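Undergrad: requesting a structural model of the entry that follows:
(one chain, ligands or ions: 1)
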Amino acid sequence: MAEPTNTPYPPSTPVPGSTPRSTSPAPPIPSLTPNATMTTIPLRVSLDASSAPKRPIVLHIGDPIKYNPATYAEFIQAFEVIRPPTAERERAEFIRALKEHRWGDFNAIFRPFWGTGGEMGRWDAELIDLLPNSVQVFASAGAGFDWADTKLLAEKGIVYCNSGLAAAEAVADFAVAMVISTFRHLPWCMNAAVLPFLSATASSSSSSSAETDAVARQIFQACHAQATAASHNPRNHVLGLLGFGNIGQQIAAKLGHGAFGMKIAYYDVIRKPARVETELDAVFYDSLEALFAASDCVVLCTPASTDGKPLITAASLAAMRPGTRFVNIARGSLVDEAALANALESGLVGSAALDVHAEEPRVHPRLVKLAVGLDTPTPGRVMLTCHNAGGTVETHIGFEELSMRNILAVLQGKLAITPVNLHYFPSES
Ligand SMILES: O=CC(=O)O
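TA: Residues are numbered from 1 along each chain as shown. Next comes the predicted model:
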C-alpha cells in the first residue's frame, strides 16, 4: 500500500515564494498542522575550534537557481556550494566521484531539478552507500520520491525533504481540469475540431481541401450533437479521492461543496482528523474497494507504492461502478495500463484522464488509440498529457525556495520543513 502522505507544513508558514497569494489566497488546507513526530537531526557539521570556522558543504545537483536570487545569496553565504558539471552528474561518473571523495565531506544534497527522477537514475544502495557520513539532509524538487530510497537514507541518518507542498496547488488545479474532462469528454470535443485537418495534413495530397472541409463539418456537427448525451455536470456526483494528503485535500476544496458541488469521498491509509473531514465535507471509506463502489469519478492522488506494484488492477477496477470516470495525477506505476485499457474498451470505465504513465516518456499505445479514435460511439474517451500537472512557474519557484529553506533549517540545527522519512529514524525516547 502507499506510503503515508507527506509530513504537513506548519499553517502559519507560507511556502516561501511559491505562489503570489496576496490578491487571491488559495483555500485553506485544514490538515496543515505541525507534526508531533518532527525531530531535529543531530548536527554533524564539523566545528573545529582550532581552525577558522568552515562553512558546511552543499552538493548542488541539477539546474542553477533561476527564481530565488535573494535566498540563494543567503544560501551561498552560509554554505560552500559545489555544483558538479553535467559530465559528473552521469551515474557512472557520479559514482566514481563519490568513491574518490571528490567533493569532500559534504553535508547536504540540493536538487532543485524540474524533472521526475534523479539525473543519475535511482538513488538506491549503490549511490547511498557511497555518501560520506557527513551528509545530513537531501532536499529535492518534486512531490514524488519513488526514485529515492528514503528508508535507506534515514538508516544513514539523512533526512529527505520533498517539495510536494510547492506543487500541490498546480497539481490540484490540473486535476480539476481532468475531472471536468471526464464529465464533459473534452478530448472528443477537441479532437473533433482539429483531427480531420491533422489527418489531411498527414496524408497531404490524397484529399482536396474541399473534401477535408466537408468531412470536418460532418465530424464537428456529430460531436456537437452527440457529446451532449454523454456529458454531465460534476455537481452532486461523488468524487472518490484515493489519497487524502495535501493534494487530495486541495482537490476536495476546489471541487467540493461551495465550489463545483461534488460530494467528497476518500480513502487513505491514514484517516484524517474529524476537523479535516468536517471542513471539507469528506466521507471516509475504509477500503479502496468501498471507495470505488461509491464513486462516480475516482482520482488517484497517492504516492507510488513502495513495492512498485499497481493499485489499479483488473481486480480493483472490478469494484468500480459501470461507467465510472478515472483520473491519475499521481504516478503511472500505480496503474496496470493494459487492465485500464480493457476496462475502457468494455465500458466499465467510461472516461479517463491520465497525466502520468507507467513507462514515461512512452504512452501506452492502446490508451493513445482510445484518446484519438473518432470511430467509436464515444470517441476520444481518454485525455492524455505529458506529466504536466505540477508544471508551473510558481511550482518551480517553490521547489527552489523550499529545498534551500530545508537545507538552511537542518544545517542550522532547526526542524526540517518538509521531511518525508522521519518515520524511518529511530525514535528519540
Ligand atoms: O510529479 C511531479 C512531482 O513529483 O513533483
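
Undergrad: and stretch 180-198, C-alpha only, in PDB?
TA: Only the C-alpha atoms of stretch 180-198 are listed here, as PDB (Å, rounded to 0.1, in the frame of the first residue of the first chain):
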ATOM      1  CA  ILE A 180     -14.100  18.100 -15.800                       C
ATOM      2  CA  SER A 181     -12.700  16.500 -18.900                       C
ATOM      3  CA  THR A 182     -14.000  13.100 -17.800                       C
ATOM      4  CA  PHE A 183     -17.500  14.500 -17.300                       C
ATOM      5  CA  ARG A 184     -17.500  16.600 -20.400                       C
ATOM      6  CA  HIS A 185     -15.500  14.500 -22.800                       C
ATOM      7  CA  LEU A 186     -13.000  17.300 -23.700                       C
ATOM      8  CA  PRO A 187     -10.700  15.000 -25.800                       C
ATOM      9  CA  TRP A 188     -13.700  14.200 -28.000                       C
ATOM     10  CA  CYS A 189     -14.700  17.800 -28.300                       C
ATOM     11  CA  MET A 190     -11.100  18.900 -29.000                       C
ATOM     12  CA  ASN A 191     -10.300  16.100 -31.400                       C
ATOM     13  CA  ALA A 192     -13.400  16.600 -33.400                       C
ATOM     14  CA  ALA A 193     -12.500  20.200 -34.100                       C
ATOM     15  CA  VAL A 194      -9.000  19.500 -35.300                       C
ATOM     16  CA  LEU A 195      -8.400  15.800 -36.200                       C
ATOM     17  CA  PRO A 196      -9.800  15.900 -39.700                       C
ATOM     18  CA  PHE A 197      -7.300  18.700 -40.500                       C
ATOM     19  CA  LEU A 198      -4.400  16.800 -38.800                       C
END
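
Undergrad: show residues contacting it.
TA: 212, 215-216, 219-220, 222-223, 227, 230-234, 237, 297, 325-327, 350-353, 371-372, 374, 378-384 (C-beta atoms under 8 Å, 6 or more residues apart in numbering). For the C-beta atoms, the positions are set from N, CA and C on the backbone; glycine is no exception.

Undergrad: check stretch 285-295 too.
TA: 238-240, 242, 265-267, 298, 311, 316-317, 319-321, 324.

Undergrad: so which of those residues are in strands?
TA: Using DSSP state E, 238-240, 242, 265-267, 298, 324 are the members of the contacts of stretch 285-295 that sit in strands.

Undergrad: neighbours around Phe183, how many?
TA: 21 (other C-beta atoms under 10 Å).

Undergrad: before we move on, what about the one 3 residues further on?
TA: Leu186 has 19 neighbours, counted by other C-beta under 10 Å.

Undergrad: so for it, what's the pLDDT?
TA: Note for Leu186: predicted pLDDT of 96.

Undergrad: show me where the stretch 301-429 of the chain has its helices.
TA: Along the stretch 301-429 of the chain, the stretches classed as helices by DSSP state H, counting those that start in this stretch are 314-317, 337-346, 365-372, 393-411.

Undergrad: that older thread, in PyMOL, select just the buried ones from the contacts of stretch 180-198.
TA: Command for PyMOL that selects the buried part of these, burial taken from 16 or more other C-beta atoms under 10 Å:
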select buried, resi 212+215+216+219+223+227+230+234+237+297+325+326+327+350+351+352+353+371+372+378+379+380+381+382+383+384
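
Undergrad: which parts of the worst-scoring helix or strand of the chain on mean pLDDT are buried?
TA: The helix or strand of the chain with the poorest confidence is helix 186-202; it has a mean of 82 (mean pLDDT, DSSP states H and E). Buried residues in helix 186-202, defined by neighbour count with 16+ other C-beta under 10 Å: 186-189, 191-192, 195-196, 199-200.

Undergrad: cool, and stretch 96-110?
TA: 97-98, 103, 106-110.

Undergrad: and whatever residue of the stretch 151-300 of the chain ends up closest to the ligand, how many neighbours?
TA: Residue of the stretch 151-300 of the chain nearest the ligand, by C-beta to the nearest ligand atom: Ala167 (4.6 Å). By other C-beta under 10 Å, the residues close to Ala167 number 29.

Undergrad: same question for Arg83.
TA: When neighbours are defined as other C-beta under 10 Å, Arg83 has 15 of them.

Undergrad: list the residues that contact it.
TA: Shown in contact with Arg83 (C-beta under 8 Å, 6+ apart): 60-61, 64.

Undergrad: distance of it relative to the ligand?
TA: 21 Å (C-beta to the nearest ligand atom, to the nearest Å).

Undergrad: what pLDDT is listed against that residue?
TA: Here, the pLDDT recorded for Arg83 equals 94.

Undergrad: likewise for Asp124?
TA: pLDDT recorded at Asp124 is 95.

Undergrad: and Gly144, by the same measure?
TA: 89.

Undergrad: that one and Ala172, how far apart?
TA: To Ala172, Gly144 is 15 Å away according to C-beta to C-beta, to the nearest Å.

Undergrad: which of these two has more neighbours?
TA: Ala172 (27 against 20).

Undergrad: isn't that one up against Lys254?
TA: Yes: counting by C-beta atoms under 8 Å, Ala172 does reach Lys254; the two are 5.8 Å apart.

Undergrad: common neighbours of the two, please.
TA: Here Ala172 and Lys254 share no contacting residue, scored by C-beta under 8 Å, 6+ apart.

Undergrad: from the contacts of stretch 180-198, which land in strands?
TA: Short answer: the contacts of stretch 180-198 in strands (DSSP E) are 297, 325-327, 350-353, 382-384.

Undergrad: now tabulate those in TSV and tack on distance to the ligand.
TA: What follows is the ones in strands among the contacts of stretch 180-198, written out as TSV (distance: C-beta to the nearest ligand atom, whole Å):
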residue	distance to the ligand
Cys297	21
Arg325	21
Phe326	18
Val327	14
Gly350	26
Ser351	22
Ala352	18
Ala353	15
Val382	19
Met383	17
Leu384	16
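
Undergrad: which pair in these spans the largest distance?
TA: Cys297 and Leu384 (17.1 Å; C-beta to C-beta).
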